[in-house]
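Peer 1: sequence and predicted model, in that order:
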Amino acid sequence: MIRQVVGSNRTRTAAERRRSIITHDRRLGRKWRHLAAALATAWLLTAACSGGDDFASESAEPSSSAPTSTSLPATTEGPTPADEASGDCASVPAGMTQFELDAGGAEHEVRVYVPTTAASSSALPLVMNFHGLGSNGDQQAAFSGYEDLAEKEGFIVVHPTAVPSSADAQGRNSWETLATDDPAKDDFEFTNELLDLLIKDYCVDETRVYATGMSGGGLFTSQLVCQMSDRLAGAVSVAAIYFPESCDPAEAVPFWAIHGTDDPTVPFDGDLIGTRFEGQAFAELLFSTPIPEQFAQFAAAMGCDLESKRLKTSTDIFSTTYSGCDDGAPLVFLEVIGGGHAWPSSPLTKPGSPLAQQLAQLQGYTTFDIDATADAWAFFTQHTRAARASEASRVSGKAGA
């Protein structure tokens, strides 16, 4: 069920399903930077008091791959459903829309950005970007900078907001995991229904669907690799992963994980002593196995060779690559030397940012050797589910020859 964000809560008709409040205007480049700073400040103050885990879903550093500001569209109405759009994508509006989706046992706020630069007759790739514990979709959009990149590169990005777990006394928004099942909600069902809706109503190319996220959102992304491998063309987890014993991907998914060796929230080596969640049962369950070992378990589950290649690729980065994976899927673990609980290449942590010192104190060191937004998108563009199916068919044919 889809509802308006403001105004009447009545169920929408088919013709109204995607009409939403559009908040961008042509001056948003400057306003967005101010909004990001305000959101980050408010979030930092809240997180410092509540003990929330996610202090670093920051926006990406401006670079040749990510614009610093974008002239965005004036207020418009949302699209007519794609099945009423004469078989093309012309009815999908550019800009940002917001709506509520009742799925998986809970009502979620959803934020979708469609670029103005894309041809209206073509289905577009989709990036699903998941926030961390205690955060929301608006904050993840601001800290990751994915909407600016979507505008430049011509893809759709969605930032959904989780709802609190029934077991969390603090009432923080969180995504469930395969190890911490919540009987009151099903975030995997929600994600599947959201994807169905976006394919139908926003003209998403279902062969180019990607997932990413920060902290709890990165962990949830890694769970989607287990649960939705037949729908994902690629995934990138930042600052958290978790490999459950039940993980059995139907297909191998091209997968990156980025993690700092000095992360004070999700410990790189699995040692929770001195971290923010020391002594907490959920952390013992999810974080006590070293992150590199968990990534190696994902590689094994996707048929990769046991031997990996670890290389220092820059001052701050060691890259561990697994080869021989099923369907030719690449799996790469990016180790940030001395890195904290951070989104690499955030402009909010670069020298001169008014929040750089606060963020450094809370999350630790942020590297600029890699960009968790632009580099992840570059990785995504190399992979489609159609190409993966073709590779699987080729390998199968070769084996049967």
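Peer 2: Looks like it arrived, so ask away. Numbers count the residues shown, from 1 in each chain.

Peer 1: look up how far Ser288 lies from the closest residue to Ala150 other than its chain neighbours.
Peer 2: Spatially, and ignoring its direct neighbours in sequence, Ala150 is nearest to Val157 (4.5 Å; C-beta to C-beta, 6 or more residues apart in numbering). C-beta coordinates here come from the backbone N, C-alpha and C atoms, glycine included. Per C-beta to C-beta, to the nearest Å, Val157 is found 33 Å from Ser288.

Peer 1: looking at the two, which is more packed in?
Peer 2: Counted by other C-beta atoms under 10 Å, Val157 and Ser288 do not tie: Val157 has more neighbours, with 29 against 12.

Peer 1: which other residues reach the strand or helix carrying the more buried one?
Peer 2: Element membership of Val157, judged by DSSP states H and E, is strand 156-160. Defining contact as C-beta atoms under 8 Å, 6 or more residues apart in numbering, one finds that strand 156-160 is touched by 101, 108-115, 124-131, 137-138, 140-141, 146-147, 149-150, 190-191, 194, 198, 202, 204.

Peer 1: again, 7 Å this time
Peer 2: 108, 110-114, 124-130, 137, 140-141, 146-147, 150, 194, 198, 202, 204 (C-beta atoms under 7 Å, 6 or more residues apart in numbering).

Peer 1: these in strands, which ones?
Peer 2: 108, 110-114, 124-130, 204 (DSSP state E).

Peer 1: dump those into JSON lines; add pLDDT, neighbour count and distance to Val238 as well.
Peer 2: Below are those laid out as JSON lines (pLDDT from 0 to 100; neighbours: other C-beta atoms under 10 Å; distance: C-beta to C-beta, whole Å):
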{"residue": "His108", "pLDDT": "98", "neighbour count": "22", "distance to Val238": "21"}
{"residue": "Val110", "pLDDT": "98", "neighbour count": "22", "distance to Val238": "21"}
{"residue": "Arg111", "pLDDT": "98", "neighbour count": "23", "distance to Val238": "19"}
{"residue": "Val112", "pLDDT": "98", "neighbour count": "28", "distance to Val238": "21"}
{"residue": "Tyr113", "pLDDT": "97", "neighbour count": "24", "distance to Val238": "19"}
{"residue": "Val114", "pLDDT": "96", "neighbour count": "28", "distance to Val238": "24"}
{"residue": "Leu124", "pLDDT": "96", "neighbour count": "21", "distance to Val238": "23"}
{"residue": "Pro125", "pLDDT": "97", "neighbour count": "24", "distance to Val238": "19"}
{"residue": "Leu126", "pLDDT": "98", "neighbour count": "25", "distance to Val238": "18"}
{"residue": "Val127", "pLDDT": "98", "neighbour count": "26", "distance to Val238": "13"}
{"residue": "Met128", "pLDDT": "99", "neighbour count": "25", "distance to Val238": "14"}
{"residue": "Asn129", "pLDDT": "98", "neighbour count": "29", "distance to Val238": "10"}
{"residue": "Phe130", "pLDDT": "98", "neighbour count": "30", "distance to Val238": "10"}
{"residue": "Val204", "pLDDT": "96", "neighbour count": "26", "distance to Val238": "22"}
